[in-house]
Every structure is written in structure tokens, then in C-alpha cells.
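# Any chance you can model this:
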Amino acid sequence: MEKQPAKVNYFFGQCYRDLGNTIRTTFANLGDSIVNCAEHIADVWSDGGYSKPLGIIQIGFFIGLLICSSIISTIFCVVFSIIHVLFTVLVMAFIYLWFTFLFLLDSLMRHIHKIVSSCPNDQRKFALPHYRCPTCGKIHTKLRPSKYGILKRECTCGTRLPTTFFNGRQRLEAICPYCGYSLTNGGFHVNISVPVIGGPSSGKTCFINQAIGELERIAEPELGYEYEYIAGSDSLPENLQLLSQGQLPQKTSEMRLVYYEFYFTPKKKKVKNEISLCDVGGEVYMDSSLLSEQIGYSLANGYLMVIDPLSIAAYRKEVEQKISTSGYTGSVTPIDEVLSVLIKTIENMRNYDARKKVEENLAIVFSKCDIPGLDEKIGDKAVDEYIANSADKKITRMQARNKICEQFLIDYDEADFVNAVRSKFTNVQFFTSSALGHNVDGTAFQPSGVADPILWVIDKKSPTIDFKKRWAQ
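Numbering: from 1, shown residues only. Next up, the predicted model:
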């Protein structure tokens, strides 16, 4: 094990030395006693004591003492040394069993609950972060039951640190083991990271901020879940403030993933779900070399692609004949190009061949569905009509929406996109949403359909999140 800035536990080092020293000292003292008796006999004899009554008594006494020390005392020392060793071995066996049990229990708990953390700085994931001593600041890289301590270890500064999640390890400051970035939590959670994909001006940033705001609003009263925002490098509070005032947030210009993080966990669950929605400038999807630098895509637990309907050339042309689209700031990046770059990046990062499907779930979200007439094509109105006319009386709204959205794409010359999605991803679900509800007019925006795509992706990954009834409607 890597050397730690901590004192080795007594039972894993000093205990053996104390046992050896005790036995060594005992027999050394016994040896000294025997030598002393022999020397006394020699001294009395050399002084002529063998010819004197007192000398004969002294010689006899020391001979008896010599016999007792050589035989009886030796037997006692051997017996009690054996008893001492056996008792120590028994105690050590219990200590080692206790250590092994806690070590395995801690490891098993992390495995069963799939406890894992992610670093928003270098985008890596890890099962156990490093921890900083709150007193001296030294970094403990393997803070778990070990030779340095079973339930607690003593830092070189004297501070006692918990070694498991059972007794508070998560309350210490956590550090990314790869880049040393200071994390905002102690690692006692399941991380679910979902990159949000889309070209420039597709509406990713508005969607992410409005979706998180909606989840916070409905988490407890409607869903029975606990929500907690995790402050980081994102601009969520500022963006939500702007959106509530009818203003647009700043467009994401970052060329590396920005992590929007929050806890979303069923009530009374100790292990939290840490959700990371990852945003990046849409320009990245126009350059495969930039996207290949985002290792977060290879570690993602699901993907969410935002499609601006106005980026579909045939549909945009149709809409422009009826209304002005200047207020919608439509994206001009073809959706098949964005998807192609994403698929190529995932294949390269995970060493997939062209035939292997991506196992992570993909949610495809049509944004800006407040465009007049679009609801009748792919929105709730279209879903209601499809179900009413369907021969399959057991069809769900989710299934109906998939049929409608795929047909919409095919009708507007995006069949290649549909075929690519079907052939590359195992499980895909279409959604429709409007992050704003209306064009910018100075009044608060009214988002719709922004929460479900997030809930669907994280539901598919987390064993503690369950919205199956929601999707079965």
C-alpha cells in the first residue's frame, strides 16, 4: 500500500515489537539470574568457602537457586511466553478479522450502491477520492480500513480521521485523485453524468437551466424526491434569475465540458444521486478534434441531444413561408453532422467498431416547440391524435411520440439521421419541449417539457430512481 501521512496502527506494527521485546527481556533477565548464581558460587568457592560451614551453606543456597532458575524458572518463562503469544495471536486474529470485515464491507457497499464520483475539472470518474486532513492539510490517498487504522486513522499531526462512509469519511474535504481539484462533496453518492449535445444556438443552455429549475420546483411536492443544488463553475443561479426576468442567459462559449451538478434522491436514501448535466459550446460539434478532448463523453451514463427544429432545412423553409423566424435564433448546423461527430468520438474513445451499438440511453429533445404549428406535428396534440387513431390500444405516449418524431424527421429529409440513431444506439426516446414558451418580450418565460428528458435518462441508469409508471401512461 502507498505510504500514508499517518501512524501505523498499534496492532499492525508495534504490537509485534512489544511481544518480541517482552519475551526477549524475560529470557534475558532469566539468563542474567543464572549467570549471577553461577558467579556467586564461584566467588564463595574461590574464597575457600567450601571448607567453612557458612560457605557451604552459601554454596548450597546458590546451587539450589541455580537449579530453580535453570529448570523451574525456565519452564515458567516458556509456559507464560507461550500463553502470551497465544493470547496476542487470539487478539490479533480478532483485530484482523474485524479489519477484513470492515474493509470488505466498505468495498462491498461502494460496489452495491455503485458509489462513484466525477471531477468537473478533468472529467474523470473514480470510486474513492483522496481526502485532506482538516488540521494540517496533508492528503490521504487511501483513506480506508488498513494498517494505518481500522475505523479511524491518526494523521501525523495527531488528528483522527474516519476511514469509512459508516463513520463520516464523506464529511472530509475530498480531492480528485488525478488532478488534485477540490471537490464540493465527500464522495458518498452515485454520479450520473449526462452530456447535453447540440449545435450552436440549438437551445442547450436554456434547456439545461430551465430543466434544473423545473426539477427543483417539482422534486418534493410532485415527485417525492429531495433536490439539492451543488455550486460549481456553472452559472445556474444567475441564468435562472435572467430567465425569470424574461432575459436569455449567456450563450455557452466554453470549449470544454461545464458541469451543472445537483443531488436528486428519493427521500430517506442515504446514498445520494449526484446528477451532472454537461454543457459545452455547440461549436465543438463542428470540430471532431475538439470533441475528442472531452473525455467525459467516454464516461457518460447517458446522452441527451437537443434538436432545434429550425436546423432541419426543409422544415425551416416551410415555416419561413408562414412566419418570421428571426425571434427564434435558429441553429444552422445540420443535425446529422452533429450526430456523426458524436458517434465518431464515442467509437474512438471506447474503441468501438462501426457495428457495435452504444449501450447508454439517448434522449432526443426537440426544442423550441412553441413555434406555431409544431405542436400539431410532434407535440401533445399530435400524440393524442396518433393514439386515438392507432390500432394498438396498448400503445403508450412514449411509444407514440417516438413514432411521430421519427416520421417527422423522415418527412423533412432527415431519414439518414433516423437510420444512424437506430443503428448506433440501443435505446432511444424522443421528447418535445420549449425552454422559453415564447419569444423574448420582457416577460418571464414559461418552460414546458423540460424535466421529462432528464428524468428519463437518469431513471434508466439509477437503481434508486423509479419513474416507470410515468413512462407507462
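
# hang on, isn't Arg316 packed against Pro334?
No. With contact defined as C-beta atoms under 8 Å, Arg316 does not count as touching Pro334 (11.1 Å). Just so you know, the C-beta spots here come from the backbone N, C-alpha and C atoms, and that holds for glycine as well.

# Name the residue in these two with the higher neighbour count.
Just comparing Arg316 and Pro334: by other C-beta atoms under 10 Å the higher neighbour count belongs to Arg316, 20 against 16.

# and that one, what helix or strand is that in?
Secondary structure here is read from DSSP states H and E; on that basis Arg316 sits in helix 313-320.

# Show me which parts of that helix are buried, residue by residue.
For helix 313-320, burial by neighbour count (16 or more other C-beta atoms under 10 Å) applies to Tyr315, Arg316, Val319.

# Columns distance to Ile343 and pLDDT on top of those, output as a markdown table?
As requested, these are exported to a markdown table (distance: C-beta to C-beta, whole Å; pLDDT from 0 to 100):
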| residue | distance to Ile343 | pLDDT |
| --- | --- | --- |
| Tyr315 | 23 | 94 |
| Arg316 | 24 | 92 |
| Val319 | 28 | 91 |
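
# quick one: which of those residues is nearest Asp416?
Using C-beta to C-beta, Tyr315 is the member of the buried residues of helix 313-320 that sits closest to Asp416, with 15.2 Å.

# Quick check: chain neighbours aside, which residue is closest to that closest one?
Taking C-beta to C-beta, 6 or more residues apart in numbering as the measure, Tyr315 lies nearest to Tyr412, with 4.6 Å between them; neighbours along the chain are not counted.

# Could I get the full set of helices for the stretch 151-300 of the chain?
For the stretch 151-300 of the chain, applying DSSP state H, counting those that start in this stretch gives helices covering 204-218, 236-244, 288-291.

# okay, the ones you listed, which one's buried deepest?
Across the helices of the stretch 151-300 of the chain, averaging neighbours per residue (mean count of other C-beta atoms under 10 Å) puts helix 204-218 on top, at a mean of 23.

# That one: how far from the chain's middle?
A distance of 22 Å separates the C-alpha centroid of helix 204-218 from that of its chain, computed with C-alpha atoms, centre = their mean, to the nearest Å.

# Which pLDDT value goes with Glu293?
Taken from the predicted model, the pLDDT recorded for Glu293 is 73.

# In space, what's closest to it - neighbours in sequence excluded?
Spatially, and ignoring its direct neighbours in sequence, Glu293 is nearest to Arg256 (7.1 Å; C-beta to C-beta, 6+ apart).

# Residue ranges of each domain in this protein, please.
Using automatic domain parsing, the domain ranges for the chain come out as 10-112, 130-175, 189-471.

# Minimum distance to Asn121: which of these has it?
Comparing these under C-beta to C-beta, the one sitting nearest is domain 189-471, at 8.4 Å.

# what's the span of the closest one, first residue to last?
Across domain 189-471, the straight-line distance between its terminal residues is 26 Å, by C-alpha to C-alpha, to the nearest Å.

# Check the offset of that domain from the chain's centre.
23 Å.

# Now render the helices of the stretch 151-300 of the chain as JSON lines, adding distance to Val440.
Compiled in JSON lines, the helices of the stretch 151-300 of the chain are given as follows (distance: least, C-beta to C-beta, whole Å):
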{"stretch": "helix 204-218", "distance to Val440": "11"}
{"stretch": "helix 236-244", "distance to Val440": "11"}
{"stretch": "helix 288-291", "distance to Val440": "30"}
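
# Could you pull out the buried residues of the strand or helix carrying His111?
Counting by DSSP H and E, the element that carries His111 is helix 74-112. When burial is assessed from 16+ other C-beta under 10 Å, helix 74-112 yields the following buried residues: Cys77, Ser81, Thr88, Ile95, Phe99, Leu102, Phe103, Asp106, Arg110.

# Flag the least confident of those.
Least confident entry in these, by pLDDT: Cys77, with 65.

# So Gly330 is in contact with Ser201, correct?
Yes. Checked against C-beta under 8 Å, the pair Gly330 and Ser201 is within contact range at 6.7 Å.

# Next, show the common contact partners of these two.
Common neighbours of Gly330 and Ser201 (criterion: C-beta atoms under 8 Å, 6 or more residues apart in numbering): Asp308.

# picking that back up, mind giving me the packing neighbours of the helix or strand just after the helix holding His111?
Towards the C-terminus, the helix or strand next in line after helix 74-112, according to DSSP H and E, is strand 117-118. Here strand 117-118 is seen to pack against strand 125-126, strand 189-197, strand 272-279 when contacts are counted using 3 or more C-beta pairs under 8 Å, 6 or more residues apart in numbering; DSSP states H and E.

# So for the first one, mean pLDDT?
Right, strand 125-126. Across strand 125-126, the per-residue pLDDT values average to 90.

# Now Gly13. Nearest residue, chain neighbours left out?
Counting by C-beta to C-beta, 6+ apart, Gly13 lies nearest to Lys147, which is 7.2 Å off, once chain neighbours are set aside.

# Dihedrals phi and psi, that neighbour?
Geometry field for Lys147 lists phi and psi as phi -70, psi -10, criterion degrees, to the nearest 10.

# ok, now which ones touch it?
Residues Met1, Val8, Asn9, Phe12, Gly13 are the ones in contact with Lys147 under the rule C-beta under 8 Å, 6+ apart.

# Let me know the closest of those residues to Val271.
Within the set of the contacts of Lys147, Met1 lies nearest Val271; the separation is 26.1 Å, counting by C-beta to C-beta.

# Would you mind listing the buried residues in stretch 121-131?
Using 16+ other C-beta under 10 Å as the test for burial, stretch 121-131 gives Asn121, Gln123, Arg124, Lys125, Leu128, Pro129, His130, Tyr131.

# Can I get stretch 283-298 in CSV? Just the C-alpha atoms.
Provided in CSV are the C-alpha atoms of stretch 283-298 (Å, rounded to 0.1, in the frame of the first residue of the first chain):
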residue,chain,number,x,y,z
GLU,A,283,-19.0,24.9,-32.0
VAL,A,284,-17.3,21.8,-30.5
TYR,A,285,-19.6,19.6,-32.5
MET,A,286,-18.3,21.1,-35.7
ASP,A,287,-14.7,20.0,-34.9
SER,A,288,-14.1,16.4,-34.0
SER,A,289,-10.6,17.2,-32.6
LEU,A,290,-12.1,19.5,-30.0
LEU,A,291,-14.8,17.0,-29.1
SER,A,292,-12.2,14.2,-28.8
GLU,A,293,-10.6,16.2,-25.9
GLN,A,294,-13.8,15.8,-23.8
ILE,A,295,-13.2,12.5,-22.1
GLY,A,296,-16.4,13.0,-20.2
TYR,A,297,-18.2,11.5,-23.3
SER,A,298,-16.4,8.2,-22.8
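
# which residues touch it?
Counting by C-beta under 8 Å, 6+ apart, the neighbours of stretch 283-298 from elsewhere in the structure are 118, 122-124, 193, 195, 197-200, 255-257, 278, 280, 333, 337-338, 341-342, 344-346, 348-350.

# What of stretch 259-266?
Applying C-beta under 8 Å, 6+ apart, the set of residues contacting stretch 259-266 from outside is 118, 120, 184, 189, 193, 208-209, 212, 215-216, 219, 224-230, 232-234, 236, 271-279, 458, 464-466.
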